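[1] Structure of the sequence below:
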Amino acid sequence: MSIDEQERAEPAAGTGTLDTSDLDQYMGVPMEPGELKEPVAINDIRRWVQAMHYPNPLHYDERWAAESRFGSIVAPQSFTVACDTSHGCSPAQVGRIPSSHLIFGGDDWWFFGPRIAPGDSLVCHRMPYDYKVTETKFAGPTCFQRGDTLYINQRGERVALQRSTAIRYGVREAAEKKLFSEPKEPEWTDDQLAELEELKLEFIDQIQKLHHDKRTFATVEVGDRLAPNVLGPHSLASFTTEWRAYPMTTWGAMAKGPTTVRAEALGYTKEMAGFEGDRRMERVNPELTDGAYYGPSRGHLQPRWAQHVGMPRGYGYGASMGAWVLDYVAAWAGEWGFLTYSSAQYRNPAFTGDATFLSGEVIDKRVERRRRHLVRVRVELRNQDDAVMAKAEVEAELPAD
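    You can find the predicted model right below:
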């Protein structure tokens, strides 16, 4: 949910109990850039689409890609976030909020044109944008904080701008409210799992049938629905696969970043602070810097620590949820389409045992200056209980004919 939407949805009563007094000094002040040591490799791209459950051969099959408009494997636009050293989080979590934790609340993306291909190197320039405090059912007083990451390639071209929303909240308040209070995973019958596989095949069939052809602006109408898709059931194994698809999680992979500030200085509780992203500790004991084992990120993969921060069991990554949205629309748009903008708000995490159902509908089409043919797609992600996990609107430029 965006900051403005959240403020309208809930009254801002009692916000004085969350100490955000340290944040103001950081707003609008550029941070140290982030940069990975190695250029993008083909297997980085393959590993990414595998982790995001995105079976588009353009991004992993060299024979399919050779016949495409690109002539070789290129990264999906969702891969942009994997070129960062903090998946957009660093500029959205500056400043100390005592006894707090953080989950992702959403992302806005603006894409400027260059595609990412093997051999590219990106530098990520960051700046905190703004924040607001409001009352939520999840944790009472809650800080919605935003920050920008600008991705620039080795040719000096702007690839994308990401504006991330971090939700920072008091750990004790979230644990007491128990908004997510079902620790037991749902059980799936063989028949239900077979139905999920049928849905996945429907999504794959959309990709295969379009092949290398164009989805033109003229063939699209408002009200058209995208092929449905489903991800999951999610598990600790699938979430771990997601985490390992971010090159930043590899020991020694970062040239700069993610930040010079320890999580403890940001106000994380002692149990969750750790040394995640600490380059000095990495030279001594790199396991202590790995978010899968210690530090703020371990709640995703370790149920004990998930419950410590107000979650019932292991849960997925917000940045990955944003990738699911982008990949879903990109698969429909085809290789001749290009995503120009996306705005996604995350409402409920993906928990282990859950499945994520994706649906989309064309809600607008227009021709802008320079004869750009744009369509807007509304996307919803829901779980098996019909709870809304995310809502998004994605804009794609399609060929005129």
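[2] CA only for contacts and neighbour counts going forward, please
    Will do.
[3] the strands in this structure, which residues?
    Under the criterion DSSP state E, the chain contains strands at 34-36, 100-111, 122-136, 140-153, 158-170, 229-231, 254-256, 338-346, 356-368, 372-382, 388-397.
[4] With respect to Y315, which of those strands lies nearest?
    Among these, the nearest to Y315 by C-alpha to C-alpha is strand 100-111 (10.3 Å).
[5] list the helices and strands the closest one packs on?
    Here strand 100-111 is seen to pack against strand 158-170, helix 318-333, strand 338-346 when contacts are counted using 3 or more C-alpha pairs under 8 Å, 6 or more residues apart in numbering; DSSP states H and E.
[6] Make a markdown table out of the ones you listed and add distance to G223 and mean pLDDT.
    A markdown table is the format used below for these (distance: least, C-alpha to C-alpha, whole Å; pLDDT from 0 to 100):
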| stretch | distance to G223 | mean pLDDT |
| --- | --- | --- |
| strand 158-170 | 28 | 94 |
| helix 318-333 | 14 | 96 |
| strand 338-346 | 19 | 97 |
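[7] T240 and F104, how far apart?
    With distances taken as C-alpha to C-alpha, to the nearest Å, T240 is found 17 Å from F104.
[8] neighbour-wise, which of these two wins?
    Using other C-alpha atoms under 10 Å, the more surrounded residue of T240 and F104 is F104, with 25 against 16.
[9] Test my guess that H101 contacts A166.
    No. Look at H101 against A166 with C-alpha atoms under 8 Å: they stay out of range, at 9.9 Å.
[10] residues contacting the residue nearest the centre of the chain?
    Taking C-alpha atoms, centre = their mean as the criterion, A319 is the residue nearest the geometric centre of the chain, at 1.7 Å. For A319, the contacting residues are 81, 87-88, 104, by C-alpha atoms under 8 Å, 6 or more residues apart in numbering.
[11] Dump the residues you listed to TSV, plus pLDDT and distance to E35.
    Below are the contacts of A319 laid out as TSV (pLDDT from 0 to 100; distance: C-alpha to C-alpha, whole Å):
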residue	pLDDT	distance to E35
V81	97	12
H87	91	12
G88	89	12
F104	89	21
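[12] between the residues you listed, which is closest to V375?
    Checking the contacts of A319 one by one against V375 (C-alpha to C-alpha), the nearest turns out to be V81, at 23.3 Å.
[13] Count the residues that sit near the closest one.
    21.
[14] quick one, what contacts it?
    Counted by C-alpha under 8 Å, 6+ apart, V81 has contacts 87-88, 319.
[15] if you set the cut-off to 7 Å instead, what comes out?
    Counting by C-alpha atoms under 7 Å, 6 or more residues apart in numbering, V81 makes contact with 87-88.
[16] Tell me how far it lies from F138.
    For V81, the distance to F138 - C-alpha to C-alpha - is 27 Å.
[17] If we ignore the residues flanking it in sequence, what's nearest R304?
    R313 (7.5 Å; C-alpha to C-alpha, 6 or more residues apart in numbering).
[18] Redo the contacts of A319 as CSV? Include distance to A350.
    As requested, the contacts of A319 are exported to CSV (distance: C-alpha to C-alpha, whole Å):
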residue, distance to A350
V81, 19
H87, 18
G88, 19
F104, 12
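[19] What is the nearest of those residues to V362?
    For the contacts of A319, the nearest to V362 is V81 (25.2 Å; C-alpha to C-alpha).
[20] Kindly export stretch 385-401 (C-alpha atoms) in PDB.
    The C-alpha trace of stretch 385-401 is given here as PDB (Å, rounded to 0.1, in the frame of the first residue of the first chain):
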ATOM      1  CA  ASP A 385      -8.000 -18.000   1.000                       C
ATOM      2  CA  ASP A 386      -8.700 -15.100  -1.400                       C
ATOM      3  CA  ALA A 387      -6.800 -12.700   0.700                       C
ATOM      4  CA  VAL A 388      -5.200  -9.900  -1.400                       C
ATOM      5  CA  MET A 389      -1.500 -10.200  -1.300                       C
ATOM      6  CA  ALA A 390      -0.700  -7.400  -3.700                       C
ATOM      7  CA  LYS A 391      -2.300  -4.900  -6.100                       C
ATOM      8  CA  ALA A 392      -0.500  -3.300  -9.000                       C
ATOM      9  CA  GLU A 393      -0.900  -1.300 -12.200                       C
ATOM     10  CA  VAL A 394       1.700  -1.900 -14.900                       C
ATOM     11  CA  GLU A 395       2.100   0.100 -18.100                       C
ATOM     12  CA  ALA A 396       3.500  -1.500 -21.200                       C
ATOM     13  CA  GLU A 397       4.500  -0.100 -24.600                       C
ATOM     14  CA  LEU A 398       3.400  -2.300 -27.500                       C
ATOM     15  CA  PRO A 399       4.200  -2.100 -31.200                       C
ATOM     16  CA  ALA A 400       1.600  -0.300 -33.200                       C
ATOM     17  CA  ASP A 401       1.500  -3.100 -35.800                       C
END
